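[1] Sequence and predicted model, in that order:
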Amino acid sequence: MAFANLKSSVKPFEKKLWLSSPTMHGEELEYIREAFVTNWMSTVGENINEAERLACEFIGCGYAVALSSGTAALHLAVKLAGIKPGDKVFCSDLTFDATVNPIVYEGGVPVLIDSERDTWNMDPEALKRAFSIYPEVRAVMVANLYGTPAKLDEIREICDRYGAVLIEDAAESMGAFYQGKQTGRFGTTANVISFNGNKMITGSSGGMLLTDSREAAEKARKWSTQSRENAPWYQHEELGYNYRMSNVIAGVVRGQFPYIQEHIRQKKAIYMRYKERLKDLPVSMNPYIEGVMEPNFWLSCILVDRDAMCRQVRSEKEALYVREAGKSCPTEILEALAQHNAEGRPIWKPMHMQPIYRNNPFITAKGNGRAGSNAYRENEGQMNVAEDIFERGLCLPSDNKMTAGQQERVIEIIKACFA
Ligand SMILES: *Cc1c(COP(=O)(O)O)cnc(C)c1O
């Protein structure tokens, strides 16, 4: 069974090598201190105003509403789209569950859309099929996985054709470009970014709703502060939420913004080094379309060639593999990394395979690609893309503080798995 991979002569890292951890610079502490000494320790203050201004300036949107998390921002984006109980919403299948859950907060029913091979994101062909099956759908939620933009123009065009609202979950992709325009600007009304601890820049937590509509920004701001009406007392006409960002958190975000380009450069260097140094192995990197998009390279991932996969089985909560010369699999590589005190991670498990969503409709370019059967193994044409990427892919240590020397050791560990 899962034998320890002791072939590598690489010594374990003394300090854990993270997948993607916060990188602080110093100014963050100054802005936190400023909030403290001026006693703006609540959800109002200069740090919030500045963080919102910096986001608008950097991304090029009209308005940014600072919130407690990206998930809260997605929830308000779903509300702005007018999703009512029972409404179906087309949503990326291969993503983190925070993309999907906010649809359900409003009583909506996520219809999961398979990925394509060029970017691992929502497949426009599958989306077209979905509209042919459910022409009544009026909203689409698209995520840009691991910092790589989806085929946003094609997706937007399909949405326009069917009169559907597009929401862009750019939580992982801040700073990435598609056709010369930054992600976080492709949604019809609302887009979302996140400042969670592992994202490109962080506030330790936090997120923002981005929009060009003054009305939408005002609504989101009002909903996020308990929907208080303009009155001498607490007056409420609609449901409210406590979703506003704290001025302390905003201080961290404010201090991080000047460093986002530096972080992106570091992440890109990591991706390019993996790509170059792993090119003789039977693996490929998470792909993007050159000339069309420039990812932010948030996480570097690899996909093991089908014929270089050793046997690997996964139950709901466990994984096993059989070691085979010249072959490997995500489970073996992740185990080897962990043994060396380095953190990798499986590809996000597709939503259609999750116990909570496995009864939701799942649409692929070719048909109803319901999970659970291994039929696709016998007929490659039937394979759903998301499940295939999950089976053969993994995220590598991508921390922007990882040195070239440390990365070389990671590369040696991976190579030893294929020995
Ligand atoms: C991180 C993330 C979110 C949620 O952001 P939080 O700030 O953690 O709530 C949403 N969608 C995707 C794709 C993410 O990776």
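    Okay, I see it.
[2] OK, contacts around Cys61?
    Cys61 is in contact with Ala55, Gly184, Arg185, Asn191, Leu210, Thr211, Asp212, counting by CB atoms under 8 Å, 6 or more residues apart in numbering. No exception for glycine: its C-beta is placed from N, CA and C like everyone else's.
[3] Which members of those residues occur in helices, if any?
    Residues of the contacts of Cys61 located in helices (DSSP state H): Ala55.
[4] excluding its backbone neighbours, what's nearest the residue of the stretch 1-150 of the chain found nearest the ligand?
    For the stretch 1-150 of the chain and the ligand, the shortest gap (CB to the nearest ligand atom) falls at Gly70, measuring 2.6 Å. With CB to CB, 6 or more residues apart in numbering as the criterion, Gly70 has its nearest non-adjacent residue at 2.9 Å, and that residue is Ser194.
[5] The closest residue to Ser21 other than its chain neighbours: how many residues sit nearby?
    For Ser21, ignoring the flanking residues on the chain, the nearest one in space by CB to CB, 6+ apart is Asp399 at 5.4 Å. If you count neighbours by other CB atoms under 10 Å, Asp399 ends up with 23.
[6] show me what contacts Asp399?
    Counted by CB under 8 Å, 6+ apart, Asp399 has contacts Leu17, Trp18, Leu19, Ser20, Ser21, Thr23.
[7] one more time with 10 Å, if that's ok
    Neighbour list for Asp399: 16-23, 198, 266-267, 270, 299, 342-343, 406-407 [criterion: CB atoms under 10 Å, 6 or more residues apart in numbering].
[8] Sitting in helices, which of those residues do you find?
    Counting by DSSP H, those contribute Gln266, Lys267, Ile270, Gln406, Gln407 to helices.
[9] returning to what we had before: out of the contacts of Cys61, who has the most neighbours?
    Leu210 (31 neighbours).
[10] do you know how far that residue is from the ligand?
    Using CB to the nearest ligand atom, to the nearest Å, Leu210 is found at 14 Å from the ligand.
[11] Also Lys366?
    25 Å.
[12] same thing with Ser205?
    Ser205 is 6 Å from the ligand, by CB to the nearest ligand atom.
[13] How about the contacts made by that residue?
    With CB under 10 Å, 6+ apart, Ser205 has these contacts: 68-72, 194-197, 199, 245-246, 249, 252-253.
[14] give me that answer again for 6 Å
    Ser69 (CB atoms under 6 Å, 6 or more residues apart in numbering).
[15] How confident was the prediction at it?
    pLDDT for Ser205: 98.
[16] Of the ones in helices among the contacts of Asp399 - the most surrounded one?
    Lys267 (24 neighbours).
[17] on that earlier part again, wouldn't the residue of the stretch 1-150 of the chain closest to the ligand be in contact with Phe195 here?
    No: using CB atoms under 6 Å, Gly70 is not in contact with Phe195; the gap is 7.5 Å.
[18] Between the two, which is the more surrounded one?
    Set Gly70 next to Phe195 and count neighbours by other CB under 10 Å: Phe195 wins out with 30 against 27.
[19] just checking, next helix/strand downstream of the helix or strand containing Glu387?
    Take DSSP states H and E as the rule and Glu387 turns out to sit in helix 385-392. Sequence-wise, the next helix or strand downstream of helix 385-392 (DSSP H and E) is strand 393-395.
[20] That next one pairs with which strands, and in what direction?
    According to DSSP bridges, strand 393-395 forms sheet pairs with strand 301-304 (antiparallel), strand 345-346 (antiparallel).
[21] So which of the ones you listed is the most surrounded?
    Comparing those by mean neighbour count (mean count of other CB atoms under 10 Å), strand 301-304 comes out on top with a mean of 24.
[22] pLDDT of that strand, averaged?
    Per-residue scores along strand 301-304 average to 98.
[23] How about the contacts made by the residue lying closest to Tyr146 once chain neighbours are set aside?
    Once flanking residues are discounted, Tyr146 sits nearest to Leu299: 4.4 Å by CB to CB, 6+ apart. Counting by CB under 6 Å, 6+ apart, Leu299 touches Tyr146, Cys395, Ser398.
[24] for the last one, helix, strand, or coil?
    In this case it means Ser398. coil (DSSP: H, G, I helix; E, B strand; the rest coil).
[25] There's contact between it and Ser300 in this structure, I believe.
    Yes: using CB under 6 Å, Ser398 is in contact with Ser300, at 4.8 Å.
[26] what touches both of the two?
    What both Ser398 and Ser300 touch, as defined by CB under 6 Å, 6+ apart, is the set Ile270.
[27] Quick check: residues of the stretch 201-350 of the chain near the ligand?
    Applying CB under 6 Å from any ligand atom, we find that the stretch 201-350 of the chain lies next to the ligand at Gly207.
[28] For the residue of the stretch 201-350 of the chain found nearest the ligand, pull up the helix or strand it's in.
    Going by CB to the nearest ligand atom, the ligand is nearest to Gly207 of the stretch 201-350 of the chain, at 4.3 Å. Using DSSP H and E, Gly207 falls within strand 207-211.
[29] For that strand, name the packing helices and strands.
    strand 63-67, helix 70-80, strand 191-194 (3 or more CB pairs under 6 Å, 6 or more residues apart in numbering; DSSP states H and E).
[30] Specify the stretch among these that is closest to Thr119.
    strand 191-194 (17.5 Å; CB to CB).
[31] can you pull out the helices in this structure?
    Assigned by DSSP H, the helices in the chain fall at 27-37, 46-59, 70-80, 101-105, 124-133, 152-161, 214-224, 247-256, 260-277, 330-339, 375-378, 385-392, 404-417.
[32] Give me the mean pLDDT for the longest one.
    Taken as a whole, helix 260-277 carries a mean pLDDT of 98.
[33] Where does pLDDT dip in this structure?
    In the predicted model, the chain carries pLDDT under 70 at residues 1-7, 367-382.
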